[in-house]
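Student: Need a 3D model of the following:
(one chain, ligands or ions: 1)
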Amino acid sequence: VRSIKDKPIAGILHADLDAFYASVEQRDNARLAGKAMAVGGSVILAASYQARALGVRTAMPLRDALELCPNLAVVPPRMEAYSDASAAVMDIFRDTTPLVEPISIDEAFLDVSGLRRLSGEPAHIAQGLRTRVASEVGLALSVGVARTKFLAKVASGVAKPDGQLVVEPHLELEILHPLPVQRLWGVGPKTAEKLAERGIVSVADVAAVGEAGLVTMLGTGSGRHLYRLAHNLDPRPVVTGRRRSSIGAQRALGSQQRSFDEHCATLLELVDRVCGRLRDGHRVGRTATLRFRFGDFSRDTRSRTLGESTASTSVFLSTAQDLLAPRRDEIRRRQLTLLGFTISNLSPADAVQQSLPFDARSSANLDEALDAIRTKHGSSSIGRARLVGRSNAVSVPLLPDPVLPL
Ligand SMILES: [Mg+2]
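Tutor: Numbering: from 1, shown residues only. Below you'll find the model as predicted:
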C-alpha cells in the first residue's frame, strides 16, 4: 500500500446532505419547516434536527419516538422526491469535478485536488457546492475536506449541520486522535470490545500501541488496517465507478413571476450546458426529460425518446422546446419555480453511425467549435446568442447560431 503522506494538500471532499429525507419534507411542506418531524411509519427512517434534539433517532420505533416527542409530526416517505433531489445534487457535484464517487443517496466523495488552478482552493469549492445545493435544490449540505477519504468523512460529521471543515495536513492527528475507536473504518462492536479490554478506547490509544501490537491483538489484516487509519494513512482514491446513466442540470427560478420567453432562455442555457457535458464525456443520449417544480412544490416531468442517439445541442433543444411549449399556460398559472433538463439512455459516442444528414452535421460542427472555444478560453468565453446579457453567459457569440427561434 502506497503512503500518501507526502501529498501536499487536502483535496478530498466528503459531501453529505443534512437529515436528508426529513430536510426534503421540510423544504416541500411549509408546515413542517423548523418543526420536530420525522419520515417513517411504524419505524423512524429519518428525523429532523429539531426532533433529534429531543432524542428521536433513525430506526427507532414510532412509539418510542412519540414518547420522547409527543408533538412529533410524522410523514410517509416519498422516495421519488428523494431520488429527484439526490440526482440534482449529484449533478451539481459532477458539474464541479468529474471525480465524484457517490456512496449513498445523500453523500459522495469528490476529488478536487487537481482543480486548484481552475476553480480555486478546496475550501472555496466546498463553499460553492454548499451555496449551489442550497439555492438550486433547497437543501443544506455539509462538507469535510481532508487528504484522505476517512478523515474527510470524519470532518463532514464534525461540520454538521450546514457547515464545512477543512482539515489542514498539519492538524490531522489533532482531530483524529481524540475520537473514539468506533469512528475508525471497520471497527465494529466486537473489535471495539476487544480493544477496550486492553484499555484502548481512543484513536490516540490505537496509534500508541503500534503496528506490531495491533497485529498481535487483531490479526494481520485488521491490525495493519487500524494502524494505518490511526495515522491517517488511507490510500483509497476517489473512484467514479459505474458509468452514469444520465446527465442533467437545473435552475431554481425563485418566486418572482417570469415570462415564457425567460423560461425558454433558461431552457436553452440548460440544454447547451448538458449537451456540452455529454460531448465532453464522449457520449450520446436518446431520451430528453424536462423537470418542473411549481409554486406549490409539486413536481412533474415530461420526456421524449429520440429515434437515434445524439449529442447535438440543436436536436435536444428542439425536443426540449416541443416538451415545454404545450405547457405555456400551465407554467404561468402554477408558477414555475424550477426547470431541469436531463439526457438519459446514454451510450459511448463512437457507437453512433456516421450517417448524419447534412444539416445535423453542420450543427454538430458548430457544437464542436463551441466546445473547442470553451476548452481553450473557459466556459464563459462564448454563449449562444439568446444567452447574451444573462447572468452566466457573458460575451458576444463568435459564431452564428442556427437554433435561434424559440
Ligand atoms: Mg446525510
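
Student: Identify the bridge partners of Arg299.
Tutor: Beta-bridge pairing for Arg299 (DSSP bridges): Arg293.

Student: Quick check on the residue in the stretch 201-350 of the chain positioned nearest to the ion: phi, psi?
Tutor: The stretch 201-350 of the chain approaches the ion most closely through Val238 (17.8 Å), counting by Cβ to the ion. Placement of C-beta: from N, CA and C, glycine included. Backbone torsions for Val238, taken as degrees, to the nearest 10, come to phi -80, psi 120.

Student: could you measure the residue lying closest to it once chain neighbours are set aside against the ion, distance?
Tutor: Closest residue in space to Val238, ignoring its immediate chain neighbours: Asp111 at 3.9 Å, by Cβ to Cβ, 6 or more residues apart in numbering. Separation of Asp111 from the ion (Cβ to the ion, to the nearest Å): 20 Å.

Student: Distance check, Thr289 against Glu107.
Tutor: Thr289 is 24 Å from Glu107, where distance means Cβ to Cβ, to the nearest Å.

Student: for Arg147, what are its contacts?
Tutor: 4, 7, 9-12, 167, 169, 172, 232 (Cβ atoms under 8 Å, 6 or more residues apart in numbering).

Student: Looking at those residues, which is nearest the ion?
Tutor: Distances from the ion to the contacts of Arg147, taken as Cβ to the ion, are shortest for Ile12 (17.2 Å).

Student: Grab the nearest non-local neighbour of that closest one.
Tutor: Nearest one to Ile12, counting by Cβ to Cβ, 6+ apart, is Ala152 at 4.7 Å.

Student: ok but the one you found is inside a helix, no?
Tutor: Yes: under DSSP: H, G, I helix; E, B strand; the rest coil, Ala152 sits within a helix.

Student: That one touches Ala159, doesn't it?
Tutor: No: under the criterion of Cβ atoms under 8 Å, Ala152 makes no contact with Ala159, lying 10.3 Å away.

Student: what do those two both touch?
Tutor: Residues touching both Ala152 and Ala159 (Cβ under 8 Å, 6+ apart) are Gly144.

Student: The two: which has the busier surroundings?
Tutor: More crowded of Ala152 and Ala159, by other Cβ atoms under 10 Å: Ala152, with 30 against 22.

Student: List the contacts of the more buried one.
Tutor: 10, 12-14, 109, 144-146, 167.

Student: Which ones among those residues map onto helices?
Tutor: Using DSSP state H to define helices, no part of those is located there.

Student: among these, which two are most distant?
Tutor: Spanning the widest gap among those are Phe109 and Val167, at 14.4 Å by Cβ to Cβ.

Student: which residues touch the residue in the stretch 101-250 of the chain that the ion sits nearest to?
Tutor: Using Cβ to the ion, the closest approach of the stretch 101-250 of the chain to the ion is made by Asp106 at 4.2 Å. Residues near Asp106 by Cβ under 8 Å, 6+ apart: 16-17, 20, 86, 89.

Student: The residue nearest to Val238: how many residues sit nearby?
Tutor: 21.

Student: repeat for the one 4 residues further on
Tutor: When neighbours are defined as other Cβ under 10 Å, Leu115 has 19 of them.

Student: quick one: it and Ile125 touch, right?
Tutor: Yes: contact criterion Cβ under 8 Å: Leu115 and Ile125 qualify, at 6.5 Å.

Student: Could you report the pLDDT at the nearest residue to Tyr21 once chain neighbours are set aside?
Tutor: Counting by Cβ to Cβ, 6+ apart, Tyr21 lies nearest to Ala46, which is 3.8 Å off, once chain neighbours are set aside. Reported pLDDT at Ala46 in the predicted model: 93.

Student: Surely Ala46 is in contact with Val39?
Tutor: Yes: Ala46 lies in contact with Val39 (Cβ under 8 Å); the separation is 4.6 Å.

Student: Residues that sit against both of the two, list them.
Tutor: Common neighbours of Ala46 and Val39, using Cβ under 8 Å, 6+ apart, are 21-22.

Student: And the strands in the chain?
Tutor: Assigned by DSSP state E, the strands in the chain fall at 12-17, 37-40, 44-47, 73-75, 100-104, 107-111, 141-146, 164-166, 246-252, 283-294, 299-310, 336-344, 347-348.

Student: quick one: which of these is nearest Pro61?
Tutor: Evaluated with Cβ to Cβ, these place strand 44-47 nearest to Pro61, the distance being 7.7 Å.

Student: can that closest one be found next to the ion?
Tutor: No: in terms of Cβ under 5 Å from the ion, no part of strand 44-47 sits within range of the ion; the closest distance is 8.9 Å.

Student: Which residues outside that strand are in contact with it?
Tutor: By Cβ under 8 Å, 6+ apart, the surrounding residues in contact with strand 44-47 are 19-22, 36-40, 56-62, 65, 74, 77.

Student: now do 10 Å
Tutor: If you take Cβ atoms under 10 Å, 6 or more residues apart in numbering as the criterion, strand 44-47 is touched by 19-25, 36-40, 51-62, 64-66, 69, 72, 74, 76-77, 82, 106.
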